[in-house]
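**Student:** structural data only, the sequence is not supplied:
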């Protein structure tokens, strides 16, 4: 059995998982956690998993704090890789890359989505389909919604679908707008879902989280979600007061949504036939 510890520190350990060994801790001496315990590493926390039939490198945290940080990094890395796959499709037309991104989006939206449009709790995916058991004060990491909105925009531009626009609306109005303090622009790391929990905004001088950066950037992007042009069709996806202009058409969207549930789309210039 090729079980080897490649690197060990007070915070994490990297080891080679042999073929046929479980990643999950089933309490036996033959699973990865059992092998680590036999090497004197107690209560390891897996950062990720490999299939039983897969041999390869696994990373384990040795403390809860390290597990939280490393799981968040692994999750953010997953989003970044999928966004990169969609970018590969945009540049090369690689159908496999687009299929991967579509599968990821459908899986996350279908099995990890909370009502406000967020998808994580305690900086990781918990589930699938376990949202009700994971209503904590640490749901809704902003970086995850930021990245999922970015991927959604890429997918919509590749093939407009109502389901994608619906998710964008849900996440924008409930999570992104819900995590900012209107009076001074402070933002939250999490959007808590637990009864009795409360939002915790950043401080001005000593709260420089990853989610502070993605949250601030998120409030510069709603304009990119309103309109999408594909050939001779213009899609109006959000009820946000705004204007649109290109070589073929110019229009203005007037609305006080969500205060009032009405909107007017006013054509101000047209040089060609465009479906809206």
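**Tutor:** Yep, that arrived. In this text, all values refer to a predicted model and were calculated from it rather than measured experimentally.

**Student:** quick one: neighbours of residue 136, just the number.
**Tutor:** Other residues near residue 136 come to 15 when the count uses other C-beta atoms under 10 Å. In this view, the C-beta of every residue, glycine as well, is placed from N, C-alpha and C.

**Student:** so it sits against residue 122, correct?
**Tutor:** Yes. Contact criterion C-beta atoms under 8 Å: residue 136 and residue 122 qualify, at 6.4 Å.

**Student:** show me where the stretch 1-150 of the chain has its helices.
**Tutor:** 32-38, 64-92, 95-111, 142-158 (DSSP state H, counting those that start in this stretch).

**Student:** with adjacent residues omitted, what lies nearest to residue 238?
**Tutor:** residue 226 (4.6 Å; C-beta to C-beta, 6 or more residues apart in numbering).

**Student:** now that neighbour. Its backbone dihedrals?
**Tutor:** phi -80, psi -50 (degrees, to the nearest 10).

**Student:** quick one: it and residue 205, what's the gap?
**Tutor:** In this view, residue 226 and residue 205 are 34 Å apart by C-beta to C-beta, to the nearest Å.

**Student:** settle it for me: which of these two has more neighbours?
**Tutor:** Neighbour count, other C-beta under 10 Å: between residue 226 and residue 205, residue 226 has more, with 19 against 6.

**Student:** quick one: contacts for that one?
**Tutor:** Residues counted as contacts of residue 226 (C-beta atoms under 8 Å, 6 or more residues apart in numbering) are 236-238, 240, 242, 244, 253.

**Student:** cool, residue 201 as well?
**Tutor:** Residues counted as contacts of residue 201 (C-beta under 8 Å, 6+ apart) are 181, 186-188.

**Student:** still on that earlier bit, what's the distance between the residue nearest to residue 238 and residue 113?
**Tutor:** Residue 226 is 22 Å from residue 113, by C-beta to C-beta.

**Student:** do the same with residue 107
**Tutor:** Applying C-beta to C-beta, one obtains 10 Å for the distance of residue 107 from residue 113.

**Student:** same question for residue 27.
**Tutor:** Per C-beta to C-beta, residue 27 is found 32 Å from residue 113.

**Student:** returning to that earlier point: more neighbours: residue 107 and residue 113, which one.
**Tutor:** The neighbour comparison of residue 107 against residue 113 (other C-beta under 10 Å) goes to residue 113, with 17 against 12.

**Student:** isn't that one right up against residue 120?
**Tutor:** No. In this structure, residue 113 is not within contact of residue 120 by C-beta under 8 Å, at 10.3 Å.

**Student:** and stretch 226-239, what's buried?
**Tutor:** 226-228, 234-239 (16 or more other C-beta atoms under 10 Å).

**Student:** poorly predicted segments of the stretch 1-150 of the chain, please.
**Tutor:** Within the stretch 1-150 of the chain, the stretches falling below the threshold (pLDDT under 70) are 1-2, 48-53, 68-77.

**Student:** apart from its chain neighbours, what residue comes closest to residue 131?
**Tutor:** Closest to residue 131 by C-beta to C-beta, 6+ apart is residue 114, at 5.5 Å.

**Student:** wait, that neighbour sits on residue 139?
**Tutor:** Yes. Assessed by C-beta under 8 Å, residue 114 is found in contact with residue 139 at 6.0 Å.
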